[in-house]
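*Asks:* got a predicted structure here, sequence first:
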Amino acid sequence: MEEGTESQIIDTTESSIRAPPPYVEAKNSQGPAHSDILPPETLLLAGTTIHGGSSPSSPPLYRLSHAVGHLRASNTTVELFRFDYRVRDTAASATASAREKHIFSLLRPPPITGPSFEYHLESVSRSNLGQVGLRLHRPRSGFGRGFFGLSSTHASSSSASSSSSLNGYRAWRATRPREGANLEEKELVFVVHARERGRYEWRDGGEGQGRILAYETSEDGIYRLQIVETLERKWRDALVGTWCLRLWWEIAVSNVKPLAWEDVKRILQTRTHEFPAGTSAGL
């Protein structure tokens, strides 16, 4: 498996830099400073970038190679990059830099190839969770009860617009038995429940009800993922990648376009409160 590529994109002084994410600690020049355990945080999608939602001026955390709002069912590949921040103190000043690392490719294989997942994450880094496949999920009544008393089916993307009849989505860690073969599901990693007014509840794929990991909302054209659990980096990366897959799937059918980041900042600045991470108020 190919290791994700990196390139330095920021190198500036303390006087002109915006603060990196709060969990980034100052380090010396020996390597990137980022924890593998990340606290709860609210993420906002705007165009090609995903920002921390603690303030409108927060730095980007992830970047997509294409704006999700411009993607349609005819698109096949989108690359997801993560920004790894480093702050370094010197005698004169503090400098900060960020490295952009390719972590996943979001794929929609042509239907003619008969893929086992219509949308999936292809890992390009050994530190990732691995491949993750996404499926629509419909409830069944009376028989065939599975996870949460429901049973999964392979629904086509043409049914995605009928969201009122959907229970949500299921995301599976998947592997290929041999090169060129279809992905095979191995374990359930995320369970996504559709709620009223376009809201979604993300749980892990553990036994029983599974712990709630995040709430997804769309308000005033802003797409938000409110992560309420502390997560290992590889799990948050997979959660963010799967969230982007789900948005691509939904937006490709509905033709709804997310706002640009300047529009998001303007809306947030008119609010009288911020979006506190770790709570579910108003969801």
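*Replies:* Structure received. Numbering: from 1, shown residues only.
*Asks:* what segments of the protein are helices?
*Replies:* Assigned by DSSP state H, the chain shows helices spanning 233-254, 261-269.
*Asks:* low-confidence ranges in the stretch 51-200 of the chain?
*Replies:* 54-56, 91, 139-166 (pLDDT under 70).
*Asks:* do a quick rundown of the strands in it.
*Replies:* 60-64, 77-89, 94-107, 119-123, 131-137, 168-175, 184-194, 200-204 (DSSP state E, counting those that start in this stretch).
*Asks:* ok, residue 86 touching residue 96?
*Replies:* Yes. With contacts counted by Cβ atoms under 8 Å, residue 86 reaches residue 96, the gap being 6.7 Å. Yep, even glycine has a C-beta here, placed from its N, CA and C like the rest.
*Asks:* which residues touch residue 121?
*Replies:* Residue 121 sits next to 80, 104, 105, 106, 107, 131, 132, 133, 238, 241, 242, 245 when contact means Cβ atoms under 8 Å, 6 or more residues apart in numbering.
*Asks:* bridged to it, which residues?
*Replies:* residue 106, residue 132 (DSSP bridges).
*Asks:* thinking again about what came up before, now the strands of the stretch 51-200 of the chain as CSV including distance to residue 231?
*Replies:* What follows is the strands of the stretch 51-200 of the chain, written out as CSV (distance: least, Cβ to Cβ, whole Å):
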stretch, distance to residue 231
strand 60-64, 13
strand 77-89, 14
strand 94-107, 14
strand 119-123, 16
strand 131-137, 14
strand 168-175, 15
strand 184-194, 12
strand 200-204, 10
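*Asks:* and residue 268, which of these is closest to it?
*Replies:* strand 60-64 (15.1 Å; Cβ to Cβ).
*Asks:* flag whichever of the helices of the chain has the least confidence on average.
*Replies:* Per-stretch mean pLDDT for these is lowest at helix 261-269 (a mean of 75).
*Asks:* I'd like to know which elements that one is packed against.
*Replies:* strand 41-46, strand 49-52, strand 222-227 (3 or more Cβ pairs under 8 Å, 6 or more residues apart in numbering; DSSP states H and E).
*Asks:* let's see it at 6 Å
*Replies:* Here helix 261-269 touches strand 41-46, going by 3 or more Cβ pairs under 6 Å, 6 or more residues apart in numbering; DSSP states H and E.
*Asks:* got the angle for the strand it packs on vs strand 222-227?
*Replies:* With axes from the mean of the first three to the mean of the last three Cα atoms, to 10 degrees applied, the angle from strand 41-46 to strand 222-227 works out at 160 degrees.
*Asks:* so what strands line up beside strand 41-46?
*Replies:* strand 49-52 (antiparallel), strand 222-227 (antiparallel).
*Asks:* adding mean neighbour count, write the ones you listed out as a markdown table.
*Replies:* A markdown table is the format used below for these (neighbours: other Cβ atoms under 10 Å):
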| stretch | mean neighbour count |
| --- | --- |
| strand 49-52 | 21 |
| strand 222-227 | 22 |
